[in-house]
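Participant: My questions concern the predicted model and sequence given below.
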Number of protein chains: 2
Amino acid sequence: MQIADHFCEHVLLKKWEAGDRIPSVRETAVNIEVNPNTVMRTFNYLQEQGIIFNKRGIGYFVADDGFEKTKALKKKDFITQELPAFFKAMSLLNLSIEDIRQYYQQYLDNQTDDVP
Amino acid sequence: MQIADHFCEHVLLKKWEAGDRIPSVRETAVNIEVNPNTVMRTFNYLQEQGIIFNKRGIGYFVADDGFEKTKALKKKDFITQELPAFFKAMSLLNLSIEDIRQYYQQYLDNQTDDVP
DNA sequence: TGTAGTGTATTAGTTAAGTAGTACACTAAA
DNA sequence: TTTAGTGTACTACTTAACTAATACACTACA
């Protein structure tokens, strides 16, 4: 799932676009220092989600609607999983949306600093 | 860690206050259907964090400053771990703080519905 | 046609986490 | 003193996930 997240991020950031060939199973396995079998499982998952597709003997490619599929998948997860947990933590710590806004501003400031 | 979270939640919601005796290792193990060894590891962690303390042969108790310790621990984790990941997800999905505010309002509305 | 790079599949080994069972020392209370 | 409930410690077993190694089928291209 962490590997899948990393790939989804590439798609959402448009580092990979529709039709692009993504690194092979073996290549990815070496890059992220993980077993090819593990990569295969990730690719299968992404293929089931319709984000990538496969040409046997050639490689995996980003689907035409890969961006939309990825965004929909991530948004669903964000709304149903992350948000409720986040709001619960906020409530336990007595933090308001206004507090979050301030943290967010700091976060944005730091991001721009890092990219000179 | 999930077990520890559950206990921290009890402390933060004031279901357990300073000096209260918390359920025993064996009792907790039965309740959450887990092995006593696993509970022990959790209790050790919470004791290291100064949230609970131990009287041999009697049980575990919430420390005097257990509430503050728990809040500090959770807040640190929230700021350093959860927030950055949350903001990153927001950015990938093109969500603004204003969007989050609206989701939060919906969340609050649902919460009050559940407690009639 | 041959070769190198692809996906795919299988089997065996490793590791971390949890389970299961038991035993022992301490404490409070009958 | 006895007993029941507590924390603590230890060893063996199970399981899920991943690793390791290998083999095979497919495709493009020189």
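Facilitator: Perfect, thanks for sending it. Numbers count the residues shown, from 1 in each chain, chains lettered A, B, ... in the order given.
Participant: gap between whatever residue of chain A ends up closest to DNA strand D and A:Ser24?
Facilitator: Closest residue of chain A to DNA strand D, CB to the nearest atom of the strand: A:Gly57 (2.6 Å). Where you see a C-beta, it was placed from the backbone N, CA and C, and this is true even at glycine. As judged by CB to CB, to the nearest Å, A:Gly57 and A:Ser24 stand 11 Å apart.
Participant: Compare these two (neighbour count), which wins?
Facilitator: Taking A:Gly57 and A:Ser24 together and counting by other CB atoms under 10 Å in any protein chain shown, A:Ser24 has the greater number of neighbours (15 against 5).
Participant: residues touching the closest residue to that one other than its chain neighbours, list them.
Facilitator: The shortest distance from A:Ser24 to any non-neighbouring residue, by CB to CB, 6 or more residues apart in numbering or on different chains, is to A:Gly59 (5.5 Å). For A:Gly59, the contacting residues are A:Arg21, A:Ile22, A:Ser24, by CB atoms under 8 Å, 6 or more residues apart in numbering or on different chains.
Participant: A:His6 too?
Facilitator: For A:His6, the contacting residues are A:Ile32, by CB under 8 Å, 6+ apart.
Participant: element containing it?
Facilitator: Using DSSP states H and E, A:His6 maps to helix A:2-12.
Participant: Wondering if whichever strand or helix holds A:Phe61 reaches DNA strand C at all.
Facilitator: Element membership for A:Phe61, per DSSP H and E: strand A:59-62. Yes - for a cut-off given as CB under 7 Å from any atom of the strand, strand A:59-62 has contacts with DNA strand C, namely A:Gly59, A:Tyr60.
Participant: what does the following helix or strand past that strand contact?
Facilitator: Downstream of strand A:59-62, the first helix or strand assigned by DSSP H and E is helix A:66-77. Helix A:66-77 is contacted by residues A:8, A:11-12, A:14, A:16-18, A:49-52, A:63, B:89, B:92-93 when judged by CB under 8 Å, 6+ apart.
Participant: switch the cut-off to 6 Å
Facilitator: Helix A:66-77 is contacted from outside by A:Cys8, A:Val11, A:Leu12, A:Ala18, A:Gln49, A:Gly50, A:Ile51, B:Leu93, using CB atoms under 6 Å, 6 or more residues apart in numbering or on different chains.
Participant: what's the closest non-adjacent residue to the first one?
Facilitator: Read it as A:Cys8. Computed as CB to CB, 6+ apart, the closest residue to A:Cys8 that is not its neighbour in sequence is A:Thr70, at 4.9 Å.
Participant: Any idea how many residues pack against that neighbour?
Facilitator: For A:Thr70, the neighbour count with other CB under 10 Å is 26.
Participant: ok, which residues in chain A are in contact with DNA strand D?
Facilitator: Contacts of chain A with DNA strand D, taken as CB under 7 Å from any atom of the strand, map to A:Glu33, A:Val34, A:Asn35, A:Pro36, A:Asn37, A:Thr38, A:Arg41, A:Lys55, A:Arg56, A:Gly57, A:Ile58.
Participant: Take these and lay them out in JSON lines including secondary structure.
Facilitator: Shown next, in JSON lines, are these (DSSP: H, G, I helix; E, B strand; the rest coil):
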{"residue": "A:Glu33", "secondary structure": "coil"}
{"residue": "A:Val34", "secondary structure": "coil"}
{"residue": "A:Asn35", "secondary structure": "coil"}
{"residue": "A:Pro36", "secondary structure": "helix"}
{"residue": "A:Asn37", "secondary structure": "helix"}
{"residue": "A:Thr38", "secondary structure": "helix"}
{"residue": "A:Arg41", "secondary structure": "helix"}
{"residue": "A:Lys55", "secondary structure": "strand"}
{"residue": "A:Arg56", "secondary structure": "coil"}
{"residue": "A:Gly57", "secondary structure": "coil"}
{"residue": "A:Ile58", "secondary structure": "coil"}
